[in-house]
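J.: pasting the structure only:
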């Protein structure tokens with residue numbers, strides 16, 4: 001499964017700081033700032049600061065310690081986490097629900113996965129902007145004039161980050177851990193040296209301050225909960241990346257480094273505000289960078305910018321992995337995947353996804369122009385995704401693990417209490433920007449639904465014209481087909497019948513290779529497939545085979561090598577003597593398929609974007625022949 005499973009747990013804990021905790025680790029740059037910006041504290045009443053701090057502290061305890069590390073990270077599929085892994089676990093509870101109910105829940109779960117794309121677009125924009133905004137404070141102290149260039153500098157950093165993706169992230173990844181260790185130490189130190197300015201800030205650790213704060217603000221408390229959510233963004237990344245590290249390193253990173261550093265920094269920010277509330281209410285005041293002594297401001301700005309780049313990098317690679325899983329589970333068309341490290345198949349680069357994310361991030365930076373404006377757009381996708389995860393976990397615990405109702409329901413209620421507040425608060429910011437991740441998620445969900453429905457219609461169309469294998473075997477036995485030297489591999493989506501590519505080849509060429517292989521590549525509802533179950537080979541007739549290759553949805557398939565391995569069990573085969581045949585469907589929208597015309601046109605467009613199976617599986621291009629076939633959907 002993971003290449004890290006047998007590594008030292010403490011080493012993995014350090015590596016996880018960059019990959020897993022980058023997002024939540026950069027939240028101090030903007031989380032408390034946004035809460036106090038929306039609900040400015042009063043000089044006479046410390047509750048205006050103690051309340052948000054209390055809500056953030058208990059959000060970290062309930063959401064990270066209790067929910068994710070206590071429960072959700074135990075719900076893995078062969079050690080893999082994330083929304084798709086949770087969905088496949090749920091789908092294993094056969095017979096528990098009616099097919100329609102199961103289908104609806106799966107669609108909701110897929111929508112939850114789609115929401116992560118909106119998060120992937122906003123995270124780099126808000127993180128980098130919040131770090132570069134430290135230049136405004138530097139400008140106030142030194143008069144550099146750089147404050148006027150926060151937006152173009154942020155855009156340049158984001159542009160460069162996305163351009164670097166095609167070179168791979170292995171070298172960057174090695175440096176992430178040590179840099180993030182330095183970042184979390186810096187957070188803790190800055191917090192400690194500022195807490196002394198108002199030691200009474202430790203009262204924020206009592207939950208009653210958070211409750212009183214919400215009661216004091218009435219209906220506004222929902223908006224404030226949506227801003228408190230900014231302190232816990234990144235929880236889903238922890239769950240999604242558990243397969244790379246395992247649970248113990250994440251627990252060690254969180255309890256020994258991340259949680260103490262975050263809380264000390266938040267308390268330091270709160271203490272500094274409470275020590276001089278009037279100064280904190282002045283325009284241009286930055287709650288994080290005000291912690292920094294003037295002599296250290298430039299190094300901390302550079303470190304903060306580096307930390308946000310690492311957090312952005314983790315989110316970008318997470319979107320790549322999510323897209324690859326969606327492609328291999330059949331929810332998206334086959335997109336170009338470049339393996340940036342020949343020794344580690346999991347390190348990938350997807351150019352189409354990369355440039356889509358880049359354009360979206362740059363548009364967000366130029367449109368919103370500040371982290372405060374962008375904070376309105378941030379949160380809804382995270383909050384809804386957390387809620388979907390809670391509901392799916394309840395269904396898995398109840399119907400897969402067979403927990404008693406009360407045992408599964410009590411954690412669900414505890415999860416949903418803050419999450420309903422997060423979702424409500426984020427929805428109240430809908431017209432201020434929260435619509436963006438929702439529109440992105442809904443758009444990608446429509447694409448996924450259209451693709452799966454269209455492929456189902458296309459499969460039915462192809463099945464109607466499919467002939468049984470026995471038909472061809474009988475013709476071969478009667479010597480009615482001319483045989484020519486070589487090996488022909490015909491790609492087939494189904495492990496039944498004859499593929500259309502073979503029938504069209506026979507129709508036009510009137511001959512068949514001496515050695516014929518019908519090849520089907522199947523992605524299972526599991527992250528990994530054991531090597532012993534990788535291939536299945538059947539022999540219909542002398543030198544006439546069907547090979548079925550199985551892969552997990554988190555694996556990068558090595559079809560050519562695995563095919564040669566499978567064939568080696570039955571016969572000798574020359575690698576450079578194999579010719580792959582693949583049908584290339586030309587789709588027409590005037591067929592009988594029960595799908596709206598606009599969705600048929602969308603499906604045809606997606607089909608044109610989709611890579612042929614031979615290209616997606618990186619088969620030798622000089623050994624591939626494509627046959628065009630017209631089909632009506």
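T.: It's in. These numbers come from a predicted model, not from an experiment.

J.: And the pLDDT at residue 173?
T.: pLDDT for residue 173: 57.

J.: What is the longest strand along the chain packed up against?
T.: Longest strand in the chain, counting residues (DSSP state E): strand 511-523. Applying 3 or more Cβ pairs under 8 Å, 6 or more residues apart in numbering; DSSP states H and E, we find strand 511-523 packed against strand 482-491, helix 500-509, strand 544-551, helix 559-567. Heads up, the C-betas are built off the backbone N, CA and C, glycines and all.

J.: Which residues in the second one does the neighbour count mark as buried?
T.: For helix 500-509, the neighbour count (16 or more other Cβ atoms under 10 Å) marks 500-503, 505-506 as buried.

J.: chain center to it, what's the gap?
T.: 41 Å (Cα atoms, centre = their mean, to the nearest Å).

J.: can you list contacts of that helix?
T.: With contact meaning Cβ atoms under 8 Å, 6 or more residues apart in numbering, helix 500-509 is reached by 462, 465-467, 472, 481, 488, 490-492, 512, 516, 518, 581-583, 627, 629.

J.: any idea of the angle it forms with strand 511-523?
T.: Per axes from the mean of the first three to the mean of the last three Cα atoms, to 10 degrees, the angle that helix 500-509 makes with strand 511-523 is 170 degrees.

J.: Residue 258: neighbouring residues, count only.
T.: When neighbours are counted by other Cβ atoms under 10 Å, residue 258 registers 26.

J.: Residue 318 and residue 594: what is the separation?
T.: 36 Å (Cβ to Cβ, to the nearest Å).

J.: now swap in residue 316 and tell me
T.: As for residue 316, its distance to residue 594 is 38 Å (criterion: Cβ to Cβ).

J.: Give me the more crowded residue out of the two.
T.: It is residue 316, of residue 316 and residue 594, that has more neighbours when counted by other Cβ under 10 Å, with 24 against 6.

J.: Where does the prediction get shaky in this protein?
T.: For the chain, applying pLDDT under 70 flags the ranges 1-9, 94-96, 140-144, 168-175, 341-347, 465.

J.: In it, what residue spans correspond to strands?
T.: Using DSSP E, strands in the chain cover 338-339, 348-349, 482-491, 511-523, 535-541, 544-551, 578-588, 624-632.

J.: Those strands: which one's closest to residue 286?
T.: Nearest to residue 286, of all the strands of the chain, is strand 348-349, at 35.1 Å by Cβ to Cβ.

J.: That closest one - contacts with which helices or strands?
T.: Here strand 348-349 touches helix 297-328, strand 338-339, going by 3+ Cβ pairs under 8 Å, 6+ apart.

J.: buried stuff in the longest one?
T.: Under the neighbour-count criterion of 16+ other Cβ under 10 Å, helix 297-328 has 297, 300-301, 303-328 buried.

J.: Please work out the angle formed by the directions of it and strand 511-523.
T.: 130 degrees.

J.: what separates helix 297-328 from the chain centre, distance-wise?
T.: Centroid separation for helix 297-328 versus its chain: 11 Å, with Cα atoms, centre = their mean.

J.: Between which two of the buried residues of helix 500-509 is the distance greatest?
T.: Most distant of the buried residues of helix 500-509, by Cβ to Cβ, are 500 and 506, 10.7 Å apart.

J.: which residues does the residue found closest to residue 260 once you drop the neighbours it is linked to in the chain contact?
T.: Nearest residue to residue 260 in three dimensions, chain neighbours excluded: residue 188, at 6.4 Å (Cβ to Cβ, 6 or more residues apart in numbering). Residue 188 is in contact with 260-261, 264-265, counting by Cβ under 8 Å, 6+ apart.

J.: what does residue 176 give?
T.: Counting by Cβ under 8 Å, 6+ apart, residue 176 touches 15, 17-19, 22, 310, 313-314.

J.: Relative to residue 119, which of those residues is nearest.
T.: residue 314 (11.7 Å).

J.: Can you tell me the closest non-neighbouring residue to that closest one?
T.: Counting by Cβ to Cβ, 6+ apart, residue 314 lies nearest to residue 22, which is 4.6 Å off, once chain neighbours are set aside.

J.: how much space between that neighbour and residue 331?
T.: As judged by Cβ to Cβ, residue 22 and residue 331 stand 27 Å apart.

J.: Surely residue 390 and residue 420 touch.
T.: No. Using Cβ atoms under 8 Å, residue 390 makes no contact with residue 420, being 10.1 Å away.

J.: These two: which is more packed in?
T.: Taking neighbours as other Cβ under 10 Å, residue 390 and residue 420 compare with residue 390 leading, 19 against 14.

J.: what sits against the more buried one?
T.: Contacts of residue 390 by Cβ under 8 Å, 6+ apart are 67, 412, 415-416, 419.

J.: Out of the contacts of residue 188, flag the one nearest to residue 621.
T.: Nearest to residue 621 among these: residue 261, at 50.1 Å, using Cβ to Cβ.

J.: Tally up the residues packed near that closest one, please.
T.: Neighbourhood size, residue 261 [other Cβ under 10 Å]: 24.

J.: so how far is residue 479 from it?
T.: Look at residue 261 and residue 479: by Cβ to Cβ, they are 77 Å apart.

J.: cool, and residue 286?
T.: Using Cβ to Cβ, one gets 84 Å for the distance from residue 286 to residue 479.

J.: the more surrounded of these two?
T.: A side-by-side neighbour count of residue 286 and residue 479, using other Cβ under 10 Å, places residue 286 first with 19 against 8.

J.: can you pull the contacts of the nearest residue to the more buried one once chain neighbours are set aside?
T.: Once flanking residues are discounted, residue 286 sits nearest to residue 137: 5.3 Å by Cβ to Cβ, 6+ apart. Listed by Cβ under 8 Å, 6+ apart, the contact set of residue 137 reads 284, 286, 289-290, 297.

J.: cool, and residue 113?
T.: Neighbouring residues of residue 113 by Cβ under 8 Å, 6+ apart: 82-84, 87, 322, 326.

J.: And for residue 36?
T.: Contact partners of residue 36, counting by Cβ under 8 Å, 6+ apart, are 48-49, 52, 273, 280, 287.

J.: Just give me the closest of these to residue 118.
T.: Closest to residue 118, out of all of the contacts of residue 36 and judged by Cβ to Cβ, is residue 52, at 24.8 Å.

J.: Let me know whether that closest one touches residue 39 as I believe.
T.: Yes. With contacts counted by Cβ under 8 Å, residue 52 reaches residue 39, the gap being 7.5 Å.

J.: the more surrounded of those two?
T.: Higher neighbour count among residue 52 and residue 39: residue 52, with 28 against 20, using other Cβ under 10 Å.

J.: Find the residue closest to that one in space, skipping its chain neighbours.
T.: residue 35 (4.1 Å).

J.: Ends of stretch 585-603, what's the gap?
T.: Terminal residues of stretch 585-603 lie 12 Å apart, using Cα to Cα, to the nearest Å.

J.: Any buried residues in stretch 196-204, and which?
T.: 198, 201, 204.

J.: quick one on the thing from earlier: will you turn the contacts of residue 176 into CSV that also has distance to residue 385?
T.: Formatted as CSV, these follow (distance: Cβ to Cβ, whole Å):
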residue, distance to residue 385
15, 24
17, 22
18, 22
19, 19
22, 17
310, 22
313, 20
314, 16
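
J.: and the residue lying closest to residue 53 once chain neighbours are set aside, what does it touch?
T.: With sequence-adjacent residues excluded and distances taken as Cβ to Cβ, 6+ apart, residue 53 is closest to residue 204, at 3.6 Å. Residue 204 makes contact with 49-51, 53-54, 57, 267, 270 under the criterion Cβ under 8 Å, 6+ apart.
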